[in-house]
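[1] Just need the structure, nothing else, for what follows:
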Amino acid sequence: EDGMRRNNLTALAATPEPGEDLQTTLRRALLTMTALALSPDGLASDRLISRERQQFPELAALHDRALAPFLQSLVELLAAGRDAGSLAIADPQWAAIRLVDLTLAEARRQGLSGRDPAPEPAQQAKLVDDALELFLKGAEPR
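    Alright, predicted model coming up:
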């Protein structure tokens, strides 16, 4: 929780700034999330939770509770986009999880395996931009 707060991965990360469009808000939130998740501390936490999940399920529950405000704000942001007619998504909760997966899944897998170093900020931005483009193009109203 402390690491998430220090890195600003809170509900505010996915809260629109005045005059900010949906894509900009999503990009800012995903950049914050990616920087934390792919940081040495973020990857070390994920390794620990994966390894100890069976014996200490409360550790995984604590991690999930710490992420919940950010994820909920992402869900609300996507729901607002849907309600405004700019996103064609049926389930904002499902869409938020898929957007996080699109952004992080492969880079986290590589980072957790220790095969590749964590992506630099420019590489992280490309991950975010590519995932966001695919997500938003797929969610355009038809």
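[2] buried set for the helix or strand where residue 68 lies?
    In this assignment (DSSP states H and E), residue 68 forms part of helix 57-83. Across helix 57-83, burial judged by 16 or more other Cβ atoms under 10 Å covers 63, 66-67, 69-71, 73-75, 77-79, 81-82. C-beta: built from backbone N, CA, C; applies to glycine.
[3] Pull the residues that contact the one helix or strand residue 46 maps to.
    Here residue 46 sits within helix 40-52, counting by DSSP H and E. Applying Cβ atoms under 8 Å, 6 or more residues apart in numbering, the external contacts of helix 40-52 come out as 3, 36-37, 59-60, 63, 108, 111-112, 118.
[4] Now go through the residues you listed and say which are in helices.
    3, 36-37, 59-60, 63, 108, 111-112 (DSSP state H).
[5] most centrally placed residue in the chain?
    Nearest to the mean C-alpha position of the chain, counting by Cα atoms, centre = their mean, stands residue 100 at 4.2 Å.
[6] Next, find the distance separating that one from residue 18.
    25 Å (Cβ to Cβ, to the nearest Å).
[7] for the closest residue to the residue nearest to the centre of the chain other than its chain neighbours, what are its contacts?
    Excluding the flanking residues, the one nearest residue 100 by Cβ to Cβ, 6 or more residues apart in numbering is residue 33, at 7.0 Å. Residues near residue 33 by Cβ under 8 Å, 6+ apart: 9, 13, 70, 100, 103-104.
[8] In TSV: these, plus pLDDT.
    As requested, the contacts of residue 33 are exported to TSV (pLDDT from 0 to 100):
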residue	pLDDT
9	71
13	77
70	89
100	95
103	95
104	92
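[9] coming back round to it: which strands and helices sit next to the helix holding residue 68?
    When contacts are defined as 3 or more Cβ pairs under 8 Å, 6 or more residues apart in numbering; DSSP states H and E, helix 57-83 sits against helix 2-6, helix 22-37, helix 40-52, helix 92-113.
[10] Check those for me and report the most buried one.
    When you average the neighbours per residue for each of the helices and strands packed on helix 57-83 (mean count of other Cβ atoms under 10 Å), helix 22-37 leads with a mean of 21.
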